[in-house]
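> give me the fold of what follows.
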Amino acid sequence: MKKPGILLVVVIAMIVVAVILRFTGNGDDVSETNTSLANTLADSSTPDSLADTWICDGTAWVKQGNPTGPQPSEPCDPDHAAIPTGTAQGDMNWSTMQEGPYRDSVTYALSSDLLTWSPRKVILADHASVPAAVVKGDTIFVYFVDVSTDGEPEQLGMVQTDDEGATWTERQILTIEGLGDRAPADPDPVLLDDGRIRLYFFDINEARMNKPASGVEPSNKIYSAISDDGIHFTMEDGVRFERGGTGIFDPDVNLYDGVWYLYGGVSEGNQVIYATSDDGLTFTEAGVAYTGGGVPDVYYHDGTYYLYTAGINIATGTTPTSFSDTGSSFRDSDSEGATADPSVVPLSNGFYLMVYKIQ
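Predicted coordinates:
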């Protein structure tokens, strides 16, 4: 019979070995995982049943894939707008609306080359839309518009992963000190050099309440808030960018070679415009970066700038101010409507993760 002391030593040794394997992993297992993922990505393709067409996503036409015809001349049916003009915040019964973010969900896909994407078939958040991601240390933060609570205006939610997508947290609702009566939408996070996260967003309530009867968009404003931990934010003073006429939606902000670029979609001409700044706080419109898509996300890698637009369609450029369509696109077969609102971040194993919405 073994003595209790010896048994205890054996048990402790087994626990230590298990812990070491859990946190260090096995090189062969990691290699096999990456090889399996690479094979999955290589085999992925858009099913033939997902036709190239234009989809009315709320009140905006979204190019799904590469339709041969031009954007439809008739407007998206205003009766399908997520929220009628002038709707008070307390009247937002999201679950009764047939269109809009309540019917959207946030999910993600992986890629090895930034052009071919494989959906992971995991819902990160339902009743959520317009996601955007940022990497801080070992954590990927994914922010999105949250409309999971009837009677509440748009809020910003967040989920995160510390293991590059193997597991995800439950959603948390951001706190934004000084937000006032603004309703934040279309969040875009940026990691600053000091480790804080700046979150750019569009105030949808201001635009919604002030839209004139003519239907012409009022001057739209992009604001920002700052955070040390990625969940508790404080408003920054002033307006980051303002645009009248056709307005601006879905900001995407990046720092390239010491210059800040703010990209945004405009409904007129289905274009992506860009504005520049030397401090990330005050932007001036500089031109049109792309025609043929909206809801932009720009990602830079190895001399090439990749532009992802709602659809999801992919354009590239050698500068951050001009892009050309590659003909590549991605659509999630689980989506009954648009696959849209992309945001791309890198993983440590050489792959890339893109969050987006499906319907």
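> dump the residue contacts of the closest residue to residue 155 other than its chain neighbours.
Once flanking residues are discounted, residue 155 sits nearest to residue 146: 4.6 Å by CB to CB, 6 or more residues apart in numbering. To be clear about C-beta, it is placed using only N, CA and C from the backbone, and glycine gets the same treatment. Counting by CB atoms under 8 Å, 6 or more residues apart in numbering, residue 146 touches 125, 127, 128, 154, 155, 156, 157, 171, 173.
> touching, residue 121 and residue 358? I think so.
No. In this structure, residue 121 is not within contact of residue 358 by CB atoms under 8 Å, at 10.4 Å.
> which neighbours do those two share?
What both residue 121 and residue 358 touch, as defined by CB under 8 Å, 6+ apart, is the set 107, 334.
> quick one, which of the two is more surrounded?
residue 358 (22 against 11; other CB atoms under 10 Å).
> ok, now which ones touch residue 355?
Contacts of residue 355 (CB under 8 Å, 6+ apart): 106, 107, 108, 124, 131, 132, 133, 142, 342, 343.
> so it belongs to a strand, correct?
Yes. Counting by DSSP: H, G, I helix; E, B strand; the rest coil, residue 355 is part of a strand.
> just give the nearest non-adjacent residue to residue 232, would you?
residue 175 is the one closest to residue 232 (CB to CB, 6+ apart), at 5.2 Å.
> residues near that neighbour, how many?
With other CB under 10 Å as criterion, residue 175 counts 14.
> what does residue 135 give?
Neighbour number of residue 135 under other CB under 10 Å is 16.
> same question, residue 114
Using other CB under 10 Å: residue 114 sits among 20 other residues.
> how about residue 153?
22.
> surely it meets residue 183?
Yes. Using CB under 8 Å, residue 153 and residue 183 qualify as a contacting pair, with a distance of 4.2 Å.
> what about this protein, any weak spots by pLDDT?
Low-confidence segments of the chain (pLDDT under 70): 1-51, 54-66, 68-70, 73-92, 98-100, 207-218.
> got a list of what the residue nearest to residue 291 when sequence neighbours are not counted touches?
Computed as CB to CB, 6+ apart, the closest residue to residue 291 that is not its neighbour in sequence is residue 271, at 5.0 Å. Applying CB under 8 Å, 6+ apart to residue 271 gives the contacts 265, 288, 290, 291, 292, 294.
> just give me the closest of those to residue 241.
Residue 241 lies nearest to residue 265 out of the contacts of residue 271, by CB to CB, at 13.0 Å.
> tell me the SS of the closest one?
Assignment for residue 265 (three-state DSSP): strand.
> nearest residue to it in space, please, no chain neighbours.
residue 294 (3.0 Å).
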